[in-house]
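Undergrad: from the sequence below, what's the structure:
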Amino acid sequence: MGPRHRKTRATVVRAGRTTTMVSLADWFGGQLLAPVDTSTIQAIIGRPREELPGAELWVMARLDAGAAEFLALRGWTPCEEPAEASGKDERRLRVGMPVQTVRPTRAA
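TA: Residues are numbered from 1 along each chain as shown. Have a look, this model is predicted:
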C-alpha cells in the first residue's frame, strides 16, 4: 500500500503573482514551506493576492514526503471557525492573521 493522504492545516506565508508558499502544520512541524499556485488559493478563499498571507486552509497531503514536490496536495478547503462570542451560528474565514513560525527569545 502506498503513502496515504492526511488532512492538515496549511497557512499562507507568502503570496506571489504565480506561486504562494504555505506552511503545513503536520509536515516538519510547519517549518518548511511548500509551493502552491496562487490562483488555486485565491479560488478557494475568494480574496485578492494581497490578503492571502495568514489565511488558513485544510488540505490533504502525503505528510511522509521528504520534499515539497512529493506532498501531492489536494482537497483544499477554507478553515472556518465560529464567530467570536456573538451567539450567532456564523462562521468566518481566518484570513489576514499574523503568522509566526519562530518563537521570540529573550536577549541575554
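Undergrad: show me where this protein has strands.
TA: Assigned by DSSP state E, the chain shows strands spanning 6-15, 19-24, 33-37, 56-61, 74-78, 80-82, 91-93.
Undergrad: turn the ones you listed into CSV, including distance to Ala43.
TA: For the C-beta atoms, the positions are set from N, CA and C on the backbone; glycine is no exception. As requested, the strands of the chain are exported to CSV (distance: least, CB to CB, whole Å):
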stretch, distance to Ala43
strand 6-15, 13
strand 19-24, 12
strand 33-37, 9
strand 56-61, 11
strand 74-78, 9
strand 80-82, 17
strand 91-93, 14
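Undergrad: weakest of the ones you listed in terms of mean pLDDT?
TA: When those are compared by mean pLDDT, strand 91-93 comes last with a mean of 44.
Undergrad: still on that earlier bit, please name whichever of the strands of the chain is nearest to Ile44.
TA: Ile44 lies closest to strand 74-78 among these, at 4.9 Å (CB to CB).
Undergrad: any residues touching that closest one, and which ones?
TA: 5, 7, 10, 40-41, 44-45, 55-61, 93 (CB atoms under 8 Å, 6 or more residues apart in numbering).
Undergrad: in its sheet, what does it sit against?
TA: Note on strand 74-78: by DSSP bridges, its sheet partners are strand 56-61 (antiparallel).
Undergrad: what angle do the strand it pairs with and strand 6-15 make?
TA: Calculated by axes from the mean of the first three to the mean of the last three CA atoms, to 10 degrees, strand 56-61 forms an angle of 130 degrees with strand 6-15.
Undergrad: now strand 56-61, how far from the centre of its chain.
TA: 6 Å (CA atoms, centre = their mean, to the nearest Å).
Undergrad: with just CA atoms, put it into PDB.
TA: Only the C-alpha atoms of strand 56-61 are listed here, as PDB (Å, rounded to 0.1, in the frame of the first residue of the first chain):
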ATOM      1  CA  GLU A  56      -5.500  29.100   6.900                       C
ATOM      2  CA  LEU A  57      -6.900  26.200   4.900                       C
ATOM      3  CA  TRP A  58      -7.400  22.500   5.200                       C
ATOM      4  CA  VAL A  59      -5.500  20.300   2.700                       C
ATOM      5  CA  MET A  60      -4.900  16.600   2.100                       C
ATOM      6  CA  ALA A  61      -1.200  15.800   1.900                       C
END
